[in-house]
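Peer 1: Sequence first, predicted model second:
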Amino acid sequence: MAKVKTTFFCQNCGSQYAKWQGQCIACKEWNTIVEEVIQKTEKNDWKTSDNKVKRVSKPLKIQDIDSTQESRLNTYDNEFNRVLGGGLVPGSLTLLGGEPGIGKSTLLLQIALKLPYKTLYVSGEESQKQIKMRAERINTNENNCFILTETKTQNIFKQIEALEPDIVVVDSIQTLHSDYIESSSGSISQIKECTTELIKFAKETATPVILIGHITKDGNIAGPKILEHMVDTVLQFEGDRNHVFRILRANKNRFGSTNELGIYEMQGSGLREVSNPSEILISKKDEELSGNAIAATLEGMRPLMIEVQALVSTAVYGTPQRSATGFNAKRLNMLLAVLEKRAGFRLGTKDVFLNITGGITVDDPAIDLAVVAAILSSNEDVALQRDFCFAAEVGLSGEIRPIQRVEQRILEAEKLGFSTIFVSKYNKIALKNTAIKIQLISKIEDLVGFVV
Ligand code: TYD
Ligand code: MG
């Protein structure tokens, strides 16, 4: 009997070792090295029959490289296109990660069903019937999408050769396994091998491949970090499962910016593209309520108006509670200290709760001023005018600091019908004749006059 070949892999970084050891030399993690069975049989190519002429790469001068080749494939989903940087690049590998149940399979199936190109959707997770049921919910009639339930890469490539699809979607990389490696699906060596085979296929045939990847409990894509190095684009699908909004962002993009953001709304019939997020995130109430303020933030390149709600009440217990949803709790404490010290508000004995509506987490510092305004408004129990909005960072000495791309925010606020936007005096603004009033302030005390 042939001897079973095994190797040791670090489950964190994918480094390979000849024998077991406690710590990985490459990434310094402890207890991550695991034995995996590998049995390399003689390996040819992703192709089962070698009847096609292989492209052989030759060195070329940069000006001689034909860039029209990189014309992108439209995915017919504006948000997805935007995050990719304008569409799928032929021959690229895209990895979509996200928590279980967030909607990765729904998103890709929905896109696959909308595409006019011949699409192959390979699923190792669900049966064809289950996918059909999902597709019925999404409800698209005309499509050119083929569903294959298979986990062995060699069989997948056989089907690909017969079908010659323009786009391949794989759900998920952790379920695939290759005959060339004997360890179980989802192990480091299998993930590496299957991805390598898919990359080879993608590059040789200029077919874009989209992979779904599971993530671990700390939010990283399961498998070795190298998986992220191997693919061209890493997308993250995130959001609170209990909220309807889902955000798609690029963590890595070889063909575009990582600043772009796609927003979807999960509905009973699949995901809906949200093209004007500000209008949805701001609750349309006629009543003016205390503790609400609107921030003009930027998510990636897109301006986003977000409602901030604060509740300030007398502490029932000895230690006042501070809690923030969608906002950094440490930053909230800092802003409260600034308010106490610079504006003389006695908040030390008050409970303060802060909530960013829509289940969105914001890390744009420009939201500070809206947070402060919401807290002041709740503390004094005086409602802010509904058509005020805020965009500035607050510094430790109570100064109102300038922020980036303020003009874009002002224009968005104007478009949505706000009457006044509060920004820092130190921001350079070249806009003239705006319908919206630009209120320049330099200190937190200046705000107090307007708000309470
Ligand atoms: P799914 O795409 O299976 O998630 P993932 O592949 O990331 O694990 O997402 C399924 C969730 O989305 C599930 O909880 C039900 C919900 N859903 C809808 O609300 N509407 C729909 O039309 C579909 C298809 C799913
Ligand atoms: Mg899924």
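Peer 2: Looks like it arrived, so ask away. Ligands and ions are numbered 1, 2, ... in the order given.
Peer 1: Residue 17 contacts residue 33, correct?
Peer 2: Yes - taking contacts as C-beta atoms under 8 Å, residue 17 lies within contact range of residue 33: 6.2 Å. No exception for glycine: its C-beta is placed from N, CA and C like everyone else's.
Peer 1: shared neighbours of those two, which are they?
Peer 2: 8, 9, 10, 24 (C-beta atoms under 8 Å, 6 or more residues apart in numbering).
Peer 1: Let me know the pLDDT of the last one.
Peer 2: Looking at residue 24, its pLDDT reads 89.
Peer 1: Relative to ligand 1, how far out is it?
Peer 2: As judged by C-beta to the nearest ligand atom, to the nearest Å, residue 24 and ligand 1 stand 30 Å apart.
Peer 1: got the contact list for that residue?
Peer 2: Contact analysis of residue 24 by C-beta under 8 Å, 6+ apart lists 10, 12, 13, 15, 17, 30, 32, 33.
Peer 1: Skip the chain neighbours and tell me the closest residue to it.
Peer 2: Distances taken as C-beta to C-beta, 6 or more residues apart in numbering place residue 10 nearest to residue 24, at 4.0 Å, with adjacent residues excluded.
Peer 1: that older thread, reformat the contacts of residue 24 as a markdown table; add pLDDT and distance to ligand 1.
Peer 2: Formatted as a markdown table, the contacts of residue 24 follow (pLDDT from 0 to 100; distance: C-beta to the nearest ligand atom, whole Å):
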| residue | pLDDT | distance to ligand 1 |
| --- | --- | --- |
| 10 | 84 | 27 |
| 12 | 78 | 23 |
| 13 | 79 | 25 |
| 15 | 84 | 29 |
| 17 | 90 | 33 |
| 30 | 89 | 31 |
| 32 | 83 | 26 |
| 33 | 86 | 29 |
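Peer 1: From the chain's centroid, how far away is stretch 373-384?
Peer 2: Averaging C-alpha positions (C-alpha atoms, centre = their mean, to the nearest Å) puts stretch 373-384 33 Å from its chain's average.
Peer 1: Also stretch 60-69?
Peer 2: The chain centroid and the centroid of stretch 60-69 are separated by 32 Å under C-alpha atoms, centre = their mean.
Peer 1: repeat for stretch 235-251
Peer 2: Put simply, stretch 235-251 sits 6 Å off its chain's centre (C-alpha atoms, centre = their mean).
Peer 1: before we move on, what SS does residue 183 have?
Peer 2: coil (DSSP: H, G, I helix; E, B strand; the rest coil).
Peer 1: one step back: more neighbours, residue 17 and residue 33?
Peer 2: More neighbours surround residue 33 than the other of residue 17 and residue 33, with 21 against 15 (other C-beta atoms under 10 Å).
Peer 1: Mind listing the residues bridging to that one?
Peer 2: In this entry, residue 33 is beta-bridged to residue 10, by DSSP bridges.
Peer 1: out of the contacts of residue 24, which are buried?
Peer 2: If you count burial by 16 or more other C-beta atoms under 10 Å, the buried members of the contacts of residue 24 come out as 10, 12, 13, 15, 32, 33.
Peer 1: Columns distance to residue 65 on top of the shared contacts of residue 17 and residue 33, output as a markdown table?
Peer 2: As requested, the shared contacts of residue 17 and residue 33 are exported to a markdown table (distance: C-beta to C-beta, whole Å):
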| residue | distance to residue 65 |
| --- | --- |
| 8 | 41 |
| 9 | 37 |
| 10 | 37 |
| 24 | 39 |
